[in-house]
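In: sequence and predicted model, in that order:
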Amino acid sequence: MIRKIAGLLLLVLFVQCKEKEKETKDSTAMEETEATSDTGSMDEWTVLFDGTNFDSWKGYLQDGVSDTWKIEDGAMVFYPPENRPEGESYNIVTKDEFNSFVLALEWKVSEAGNSGIFWAVVEDEQFSEAYQTGPEIQVLDNAGHPDASAGGGTHTAGSLYDMVAPSEDVTKPAGEWNSCVLTVDYNTNKGSVVLNDVLIVEFEPSGEAWEGMIAKSKFADWPGFAKTQTGKIGLQDHGDIVAYRNIKVKNL
């Protein structure tokens, strides 16, 4: 009888230990998820594209969104026109302006495709393109586009274009979705790019280091480039098919 009771006690202790171990693992997994995810409460975010409409967007220097941008399967997809009028471009920008923010989205580019994500875009007739004022995070098929071998890595996907190269290439092949989180915080003077859950770029978005990077880049003599800390977020028409989805922004 004593042996049976002792056996039952050992069984109970074993089950309790296993349950405690599971709780610890679950808790640790939850903590790790929270530590690597900057999503926060949805109340803090503004949805810029939910897969159903372009209500938060407009064509750059245009009233609406060109029909070169389509909504397909919950994504906004750009199809370059076959007969593009000379000098015509189809970049889109947000209707609202942002200062310090976190932008989260997913992008997918066609084979050998090129596009970009801008911030601090000034929509002004004197600037025909969004890239003339807004710094860019590159969107690229690294395996198929020649830009990947230019600029010492500062033209590859996820780079702060022509200024900061990614620490590593974590992009997925053309035709697959990549998650991207861009943070630009002028309050702390910190900027970063997280691509597919990996921190690949860090930079200071203002001050001496920022000005130094611009001075060494192709933008050194551009009169309107990065002259303001408040502007629109933009998505680039670079002549290739590209798709974006699940776009949201959080003000800091």
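Out: Everything's here; your move.
In: quick check: residue 129 vs residue 187, distance?
Out: Separation of residue 129 from residue 187 (C-beta to C-beta, to the nearest Å) stands at 29 Å. In short, each C-beta sits where N, CA and C put it, glycine included.
In: the two: who's more crowded?
Out: Set residue 129 next to residue 187 and count neighbours by other C-beta atoms under 10 Å: residue 129 wins out with 16 against 8.
In: check the closest residue in space to the more buried one that isn't next to it in sequence and give its pLDDT.
Out: Leaving aside its chain neighbours, residue 129 sits nearest to residue 89 (6.2 Å; criterion: C-beta to C-beta, 6 or more residues apart in numbering). Residue 89 carries a pLDDT score of 92 in this model.
In: wait, is residue 89 part of a strand?
Out: No. Counting by DSSP: H, G, I helix; E, B strand; the rest coil, residue 89 is not part of a strand but coil.
In: what's near enough to touch it?
Out: Contacts here follow C-beta atoms under 8 Å, 6 or more residues apart in numbering; on that basis residue 89 touches 60, 128-129, 237.
In: who does whichever strand or helix holds residue 244 touch, helix- and strand-wise?
Out: Element membership for residue 244 (DSSP states H and E) is strand 242-251. With contacts taken as 3 or more C-beta pairs under 8 Å, 6 or more residues apart in numbering; DSSP states H and E, strand 242-251 sits against strand 46-49, strand 75-78, strand 101-109, strand 232-235.
In: quick check: angle from it to strand 101-109?
Out: Strand 242-251 and strand 101-109 are oriented at 170 degrees to each other (axes from the mean of the first three to the mean of the last three C-alpha atoms, to 10 degrees).
In: neighbours around residue 176, how many?
Out: Applying other C-beta under 10 Å, I find that residue 176 has 10 neighbouring residues.
In: shift numbering so it begins at 658
Out: Will do, 658 is the new start, and the previous item becomes residue 833.
In: can you classify it by secondary structure?
Out: Reduced to three states by three-state DSSP, residue 833 is coil.
In: partners of the nearest residue to residue 701 once chain neighbours are set aside in the sheet?
Out: Spatial nearest neighbour of residue 701, excluding adjacent residues (C-beta to C-beta, 6+ apart): residue 907 at 5.1 Å. Residues in a beta bridge with residue 907, per DSSP bridges, are residue 759.
In: what residues are up against the spatially closest residue to residue 852 that is not a sequence neighbour?
Out: If the residues on either side of it in the chain are set aside, residue 852 comes closest to residue 815, at 4.3 Å by C-beta to C-beta, 6+ apart. Residues in contact with residue 815, defined by C-beta under 8 Å, 6+ apart, are 794-795, 823, 827-828, 837, 850, 852, 857-858.
In: just the buried residues of the residues you listed.
Out: Buried members of the contacts of residue 815, counted by 16 or more other C-beta atoms under 10 Å: 794-795, 823, 827-828, 837, 850, 852, 857-858.
In: nearest to residue 703 among these?
Out: For those, the residue nearest residue 703 by C-beta to C-beta is residue 837; the value is 17.0 Å.
In: surely the closest one meets residue 849?
Out: No. Counting by C-beta atoms under 8 Å, residue 837 does not reach residue 849; the two are 11.0 Å apart.
In: hang on, the earlier thing: mind putting the buried ones among the contacts of residue 815 into a markdown table with secondary structure?
Out: Shown next, in a markdown table, are those (three-state DSSP):
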| residue | secondary structure |
| --- | --- |
| 794 | strand |
| 795 | strand |
| 823 | coil |
| 827 | coil |
| 828 | coil |
| 837 | strand |
| 850 | strand |
| 852 | strand |
| 857 | strand |
| 858 | strand |
